[in-house]
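Peer 1: got a predicted structure here, sequence first:
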Amino acid sequence: MPATNAATRPQQPPVSVDDPSAWLAADLAADRSWIHNLDADEIRELDRAVEAVVGLGLKPGGFGRDQFPLTDLADRIAGWAHEIDQGRGCVLVKGLDPARYDDDALAALYWGIAVHLGEPVPQNAAGDLIGHVRDTGRDYHAKNVRGYTTRAEMKAHCDAADVVGLLCRHPAKQGGESLIASGIAIYNHLAAERPELIPPLLEGFHFDLRGEGVTDDPDETTFHRVPVFSWFEGRLSCRFNAKTIIDGMAKRGMPLDGPALEAVREVGRLALEPPFRFDMTFEKGDIQLLSNHSVLHARAAFEDWPEPERKRDLWRLWLNLRDGRPLAPEFADRLNTGPRGGVFVRGAA
């Protein structure tokens with residue numbers, strides 16, 4: 001196994017972090033400015049860009065923002081990037097009608113928005129840049145199964161990129177609501193009410209890589225401890241997934257117990273309860289954009305439609321912002337692929 005990164009002493013965050021991303025559910029409900037409704041001119045601008053790349057035979061992964069020309073909407077998307085990284089950490093884009101596009105055109109549109117936001121990164125070992133969040137019949141509790149391939153409830157977590165995007169191609173018949181919470185607000189609560197739980201969260205844990213690491217070991221974990229909360233250059237960032245933390249520490253032969261286990265469970269519990277939890281129901285065409293450094297997201301279990309063409313299908317993007325916040329080295333390398341690296345792609349080395 002490659003050598004672990006040199007340990008560094010984590011910087012101590014303030015007891016209370018004053019940041020726009022430290023919101024409660026009531027704050028999001030009261031101020032809807034984080035929701036953007038595409039107007040007719042913006043839809044036409046997207047359609048012209050889609051026509052240009054499709055006409056050239058370009059597909060997602062094969063073109064950048066220069067080949068997807070936007071004018072006024074480019075400035076709007078830059079505003080979304082700022083809101084994601086420097087603001088509340090969440091943006092909801094509404095107004096697309098997926099029925100107007102075939103899959104190739106819709107994928108080109110989605111990719112075009114993504115490359116104006118930043119740089120997409122691989123999200124699984126197959127190298128997928130646009131992944132499908134849908135039920136494949138797998139067992140969520142089986143070893144190394146990733147939750148997005150099941151219809152099970154998914155607990156609060158962050159993904160391994162600056163931003164996660166979800167475009168709703170088809171919603172579920174029932175359930176599947178998106179649940180989001182501010183990791184920064186949860187930190188503030190714990191620092192004030194349960195300060196004894198903060199040290200293990202700052203020290204971090206070895207996360208399970210679920211068989212998608214850089215080695216051939218199905219039990220590979222992060223080589224170094226990745227902090228749940230990381231204070232660096234005046235910003236607090238969050239990295240959390242209770243399942244991969246608990247599984248990863250067990251795989252390292254260091255099963256969690258005591259305050260460390262309680263701290264992990266408490267972060268996950270708070271994210272799904274008032275006043276932190278904010279519920280969203282996906283509608284066709286919605287695009288949800290979340291900062292993985294400040295927002296935890298979860299999902300309710302769902303019941304699918306029986307017809308294959310109607311089954312729940314969210315299109316997922318992981319991307320890194322061009323001017324994203326500075327990250328501490330031990331926090332930025334979260335998949336053993338280097339700072340802000342995506343999932344290691346098999347056969348790519």
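Peer 2: Great, that's in hand.

Peer 1: all helices of the protein, in order?
Peer 2: Ranges of helices in the chain, per DSSP state H, are 25-30, 40-55, 72-86, 103-117, 183-193, 198-203, 242-251, 258-271, 329-332.

Peer 1: for the last one, buried residues please.
Peer 2: Residues of helix 329-332 classed as buried: 330, 331, 332 (neighbour count, 16 or more other CB atoms under 10 Å). C-beta here means a position set from N, CA and C on the backbone, and glycine is covered the same way.

Peer 1: show residues contacting it.
Peer 2: 5, 7-8, 10, 204, 224-227, 230, 232, 237, 239, 339-340 (CB atoms under 8 Å, 6 or more residues apart in numbering).

Peer 1: and the first one, by the same measure?
Peer 2: By CB under 8 Å, 6+ apart, the surrounding residues in contact with helix 25-30 are 34, 88, 90, 181, 274, 275, 276, 277, 278.

Peer 1: return the distance of that helix from the chain's centre.
Peer 2: 21 Å (CA atoms, centre = their mean, to the nearest Å).

Peer 1: per-residue confidence at the spatially closest residue to residue 19 that is not a sequence neighbour?
Peer 2: Leaving aside its chain neighbours, residue 19 sits nearest to residue 184 (5.6 Å; criterion: CB to CB, 6 or more residues apart in numbering). Per-residue pLDDT puts residue 184 at 98.

Peer 1: give me the neighbour count for residue 184.
Peer 2: Neighbour count of residue 184, defined by other CB atoms under 10 Å: 28.

Peer 1: again with the one 4 residues further on
Peer 2: By the other CB under 10 Å criterion, the neighbourhood of residue 188 contains 20 residues.

Peer 1: need the pLDDT of it.
Peer 2: 98.

Peer 1: residue 205 too?
Peer 2: For residue 205, the pLDDT comes out at 98.

Peer 1: can you pull the contacts of it?
Peer 2: Residue 205 sits next to 225, 226, 228, 245, 248, 249, 256, 260, 264 when contact means CB under 8 Å, 6+ apart.

Peer 1: excluding chain neighbours, what is closest to the fourth one?
Peer 2: In other words, residue 245. residue 205 (4.5 Å).

Peer 1: same question for the second one.
Peer 2: Residue nearest to residue 226 in three dimensions, not counting chain neighbours: residue 204, with 4.9 Å by CB to CB, 6+ apart.

Peer 1: help me confirm that the one you found comes into contact with residue 237.
Peer 2: No: in this structure residue 204 lies outside contact range of residue 237 using CB atoms under 8 Å: 11.8 Å.

Peer 1: before we move on, back to that, turn the helices of the chain into JSON lines, columns for distance to residue 210.
Peer 2: Shown next, in JSON lines, are the helices of the chain (distance: least, CB to CB, whole Å):
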{"stretch": "helix 25-30", "distance to residue 210": "30"}
{"stretch": "helix 40-55", "distance to residue 210": "34"}
{"stretch": "helix 72-86", "distance to residue 210": "26"}
{"stretch": "helix 103-117", "distance to residue 210": "24"}
{"stretch": "helix 183-193", "distance to residue 210": "21"}
{"stretch": "helix 198-203", "distance to residue 210": "22"}
{"stretch": "helix 242-251", "distance to residue 210": "7"}
{"stretch": "helix 258-271", "distance to residue 210": "17"}
{"stretch": "helix 329-332", "distance to residue 210": "20"}
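
Peer 1: any idea which of the ones you listed gets closest to residue 97?
Peer 2: helix 40-55 (8.4 Å; CB to CB).
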